[in-house]
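*Asks:* the following comprises the amino acid sequence and a computationally predicted model.
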Amino acid sequence: MKAKKIIGMLAVLVLLAAGVGWFLFNSGPVVEEAAEETSDWIIPEFDLTEFQPPVADTIRQSRLRLVANPRSSKAWFYYGAVLDAHKLIAEAEICYRKAQELDPNDRLLIYNYAMLIASTGSRHDEAIAMFERASQLMSDYLPVWYRLGRLRLEKGEIEQAKKMYDVAMTLHIDMPAVHYELGQIYVSLGDMYSGLEHLKRAAELLPDDSSIYAALSRAYLKDGDQERATAASKMASQYELKLSLPDPVREGVMALAMDSNSCLQRGIAKMNGDNYAEAIPDLQVAAATLTTNSNLQLRLGICFYNVDQIELAEKHLHNALELRDDIAQAYLYQGIIAVKKFDYAGGVEHYRSAIKHDPDNVRIHMLLGGALVMDQKLKEADRVFSQSRSLGDLDAGAYMMWGNALIELGQINNAISKLNLAIGLAPQHPALRLNMGSALEKLGENAQAIEQYRKAIELDPSFALARERLQALEGTP
Amino acid sequence: MNFTSTGPECTTSFGSLILLYLMAAIASACNKTEGSDQSSEIRQEKQWLVDVTDEVGLDFIYEAGATGKYYMPEIVGSGVGLFDYDNDGDLDICLTNGNLLLPDAARGGSLTNRLFRMEANGTLTDVTEASGLGDNGYGMGLAVGDIDNDGDLDIFFTNFGPDRLYLNLGDGTFRDVTEDAGIDIPGWSTSAAFFDFDRDGYLDLYICQYSINNPDAKCYDGVGRPTYCSPKSYRPVNDVLLHNNGDGTFRDVTEEAGLLIKPASGLGVICEDLNNDGWIDMYVANDGYMNHLWINQHDGTFLESAAMMGCAYNLNGKAEASMGMVVMDYDNDLDLDVFITHLKDESNTLYTNDGQAFLDDTNRRGLSISSLALTGFGVAAFDVECDGDLDLVIVNGRVSRRTPHPDSVVGEPWNWLAEPNLFYLNDGDGRFVLNEKRFTQLTQPIEVSRGLAVGDLDGDGDLDLVVTNVGSRARMYRNDAPKQGRWLLVKAVDPRYKRDAYHARLTLSTADRAWVRTINPGSSYQSSIDPRAHFGLGNVDEIESLEVLWPDGLRETFKVECLDCAIVVRRGEGVSSP
């Protein structure tokens, strides 16, 4: 959550910094600009036959746009950005250079040009000079200072690097990547106190990143705190690497990449941010080329399910399983869709297939139990729920469904025990109170049942069924 | 062994066997007089590493068996081993070879690994067939060690497919004893190293596992052209630790040693005592995953400690694509530092040992910028001119399709991957300075280099090189650097086991300086280097002492009475010290 907040805050900074904004650059009209004609304006051209069709299309179109507006710095920039995004570095640089000639003060251009030069790995001083120019034009854009810091570090200029990160810190005091870099610098300079403070702050801001804990572990060890070093080391091995610097300006260029891998990665990133609708076009472009990628079909299925396009979801899940018949998640989503369509028997079948390929997944077992209850296979549901507990903790929904099955099976005391567990996990869930009231009623505990119905209405005043049961009971002497 | 160069420029004098080669080389050099200013400037510099591949008859091309389907094993490349297989006192050369690559890694290809015997006149003879060492698996790397303590060196080949163990029979021949030894490693192994982790006197074996191959994986470059996949396209697996039972068999102790944690794609391994407790640890270079430092717990188990020791990720917190590695004391502070080679856009990384943990010191030591544009594999640290500090050589070659280097000397598809190699001279203060002019013959052939091993191949007291390339010839380089100081070459032997004392730590002291080296052939990338410790000493007149910390913990001091000489120290023959 914190990371999302940071990204959001940075995005605001970017908008402030970028002025005209990336959007205008990316999709706005091309403005003819005054420039001297020169004979060396040769627009890079490619044999596109080996390129993936979406890549070839986007290169062709952006080139045509430039051909139509050869004196437009933005058209050169855009074509360069398209080439840059597809790692056609030498040709992209030709375009950036020309765009810069036409508009020496385009800060987005300068920044991306600097990034391109830095990506060659062999032109450090040029990259630094270009980033310094960018820093004059967009001094409140944090990534410029971060990149300068990194380049200075790579040159071994630690004090200079620290100054750059200090500027970045003034722009955003809670950027984990900057705290991390400063922490590492202070530790390397022997200032353990400052180093640990920065690293601890980075860990607070991004609490599930492996590299921060690794740095902390080493710093604690150097500081003589073996216990904390060991604890941080364990955390480092537990988590993945997540530390990164949000850089919307650069991401704007990278978003122009239409090759299958870039589209797939973009789609996955959007899915990870629960942005299923926006992920779909990226994944579809990738799928047009990666026709045998079963996981891609699965991802499309999941995205379509999450935007309620069930038929398309079913189609892609089916495609995934046609390509590979052992994908538990595909069966799982097929089960969820079947249950949603009231096809409980179908749901049971799909869940069973999912379990066959992922036998230890407690979530699938719980869903299977629920589907069995709805399919009136109560004894089987009881058995499935019972077995699920050996795989992991059940959630409130599973205990509720289990309780319902037990009520139907006449095992009221057992059902009450399960419903109690459910209420313990989700005390604010009105349906649980209704079901508990119903079970208590069956035991003849009407006073307690009334209490549960009242609680259900308190939690959801519009809960008609609970109100109905309450009135029925209160009308009874 | 006599192919020492003595003269500058075009007036070199050599033995008669190599006269023809030299005449060709001289003619070639003299034909270049009309070249560019730059080339004439380069020619004026005496070459410190001279390509003697033709001269010595090293006739080997690593065949990747590329079929146009971009199977990843095609670009992993081969290793090289320098070891004296026939106990005649000089180093022989073993090179692993690929094969026609089938998705199921079927054995029985037509190509084999090759063994070249060093003859007394400095030329090489291919003795593969006679030695029985022609393993025909799809070769990756090798590890060399005397597994049965009988005084000759055995060899373990890592393959894409089943690995193989060959026992040296002591008569110049080898026998495949893989099954008899109980070794069954069918997957995709890369680097391997022998070491005695439990101090029982027998060499155990660590084997890096790359990943589970997926021949159906399809990957594309930035514009969607097919190319080789990254390791993340494959399922990583745990490495393997084999315990030598001392009876010719090995037992897989990976699980009981505690090594089954998060799997990764292992490419390089160094076995050394990295926390100075006298027991040998393992540091594993993983491709795209955090590196693993397994600290020996003295009870047959290991504790993964890379994060705490500062060598899991680089300074930027990135898990780099680690390939080859070398342990060295580059700053002469008598502890062991580690250098690891990496992918383009990542620098190679120098982890400096500060006595307690490691610090990514790459930037301060001048090693960052020059390597960012290149993909490093084999690496060696040695004192090329014997001035008293360790220099660095790195051989490079990309792994993904890019615009071909304009000076590539290999054809498609390897020209997409070809890159120049790097040579850095240590400035004496622990900073490395790239030197191209004196190493043009090493750095200029733009090829796809992978394996690298150093050793004193010509017996002249400095270290020579062998480099393997994908799709082009392996090259041998003779060290012709003018010696700027004295040297000592030390073979450390444990007579109880009739073999080199792998991982003995040698500290050589003069009146005002000291150097530390270890006996550790398992280094670089899928390779095995000269098992002797080479000391370049600079201007010294006398050695005060040579202290050896033997792998079992015994510390002895030896008197060294010569300079510029090769000596043998034997455990038990020194003066015990606390």
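*Replies:* Good, I have the coordinates. Residues are numbered from 1 along each chain as shown, chains lettered A, B, ... in the order given.
*Asks:* which parts of the host helix or strand of A:Ala405 are buried?
*Replies:* Element membership of A:Ala405 [criterion: DSSP states H and E] is helix A:396-408. Neighbour-count burial for helix A:396-408, counted by 16 or more other CB atoms under 10 Å in any protein chain shown, picks out A:Ala396, A:Gly397, A:Ala398, A:Tyr399, A:Met400, A:Met401, A:Trp402, A:Gly403, A:Asn404, A:Ala405, A:Leu406, A:Ile407. Quick note: C-beta positions are derived from backbone N, CA and C, even for glycine.
*Asks:* and stretch B:82-100, by the same measure?
*Replies:* Applying 16+ other CB under 10 Å to stretch B:82-100 flags B:82-86, B:90-99 as buried.
*Asks:* just stretch B:130-142 next, same as before
*Replies:* Buried-residue list, stretch B:130-142, by 16+ other CB under 10 Å: B:Ser131, B:Gly132, B:Leu133, B:Gly134, B:Asp135, B:Asn136, B:Gly137, B:Tyr138, B:Gly139, B:Met140, B:Gly141, B:Leu142.
*Asks:* out of the residues you listed, who's nearest chain A?
*Replies:* Closest approach to chain A among those (CB to the nearest CB): B:Tyr138, at 24.9 Å.
*Asks:* wait, that closest one sits on B:Asn99?
*Replies:* Yes - between B:Tyr138 and B:Asn99 there is a contact at 4.6 Å, judged by CB atoms under 8 Å.
*Asks:* and for the two, which residues touch both?
*Replies:* B:Gly65, B:Gly109 (CB atoms under 8 Å, 6 or more residues apart in numbering or on different chains).
*Asks:* what residues does the stretch 151-300 of chain A have near chain B?
*Replies:* A:153-156, A:158, A:180-181, A:184, A:188, A:209-215, A:217-218, A:221-222, A:229-230, A:232-233, A:236-237, A:241, A:243, A:257, A:259-262, A:289-290, A:292-293 (CB under 8 Å from any CB of the partner chain).
*Asks:* among those, name the buried ones.
*Replies:* Looks like these have A:153-156, A:158, A:180-181, A:184, A:188, A:209-215, A:217-218, A:221-222, A:229-230, A:232-233, A:236-237, A:241, A:243, A:257, A:259-262, A:289-290, A:293 buried, using 16+ other CB under 10 Å.
*Asks:* name the nearest residue to B:Ala64, ignoring sequence neighbours.
*Replies:* Spatial nearest neighbour of B:Ala64, excluding adjacent residues (CB to CB, 6 or more residues apart in numbering or on different chains): B:Glu74 at 4.2 Å.
*Asks:* which residue ranges of the stretch 451-578 of chain B form strands?
*Replies:* Ranges of strands in the stretch 451-578 of chain B, per DSSP state E, counting those that start in this stretch, are B:464-469, B:475-479, B:486-494, B:499-500, B:505-509, B:514-518, B:522-523, B:527-528, B:533-538, B:545-549, B:555-558, B:565-570, B:575-576.
*Asks:* how about the residue in the stretch 251-400 of chain A that chain B sits nearest to, nearest residue that isn't a chain neighbour?
*Replies:* Using CB to the nearest CB, A:Asp259 is the residue of the stretch 251-400 of chain A that sits closest to chain B, at 4.4 Å. In space, and not counting its chain neighbours, A:Asp259 is closest to B:Gly224: 4.4 Å by CB to CB, 6+ apart.
*Asks:* do a quick rundown of the helices in the stretch 101-250 of chain B.
*Replies:* With DSSP state H, counting those that start in this stretch, the ranges of helices along the stretch 101-250 of chain B come out as B:128-131.
*Asks:* and it, which residues reach chain A?
*Replies:* Contacts of the stretch 101-250 of chain B with chain A, taken as CB under 8 Å from any CB, map to B:Asp216, B:Lys218, B:Cys219, B:Tyr220, B:Asp221, B:Gly222, B:Val223, B:Gly224, B:Arg225.
*Asks:* again with the stretch 351-500 of chain B
*Replies:* Counting by CB under 8 Å from any CB, the stretch 351-500 of chain B comes close to chain A at B:354, B:356-359, B:363-366, B:368-369, B:372-374, B:403.
*Asks:* hmm, try it at 6 Å
*Replies:* Residues of the stretch 351-500 of chain B lying close to chain A by CB under 6 Å from any CB of the partner chain are B:Ala357, B:Asn363, B:Arg364, B:Ser368, B:Ile369, B:Leu372, B:Ala373.
*Asks:* out of these, who's nearest A:Ile337?
*Replies:* B:Leu372 (48.7 Å; CB to CB).
*Asks:* mind listing what the closest one touches?
*Replies:* Applying CB atoms under 6 Å, 6 or more residues apart in numbering or on different chains to B:Leu372 gives the contacts A:Gly121, B:Ser347.
*Asks:* and it, how far from B:Leu49?
*Replies:* B:Leu372 is 24 Å from B:Leu49, where distance means CB to CB, to the nearest Å.
*Asks:* where in chain A is pLDDT low?
*Replies:* For chain A, applying pLDDT under 70 flags the ranges A:1-40, A:476-477.
*Asks:* same check, this time on the stretch 1-150 of chain B
*Replies:* In the stretch 1-150 of chain B, residues with pLDDT under 70: B:1-44, B:101-108.
*Asks:* thanks again, I'm all set now.
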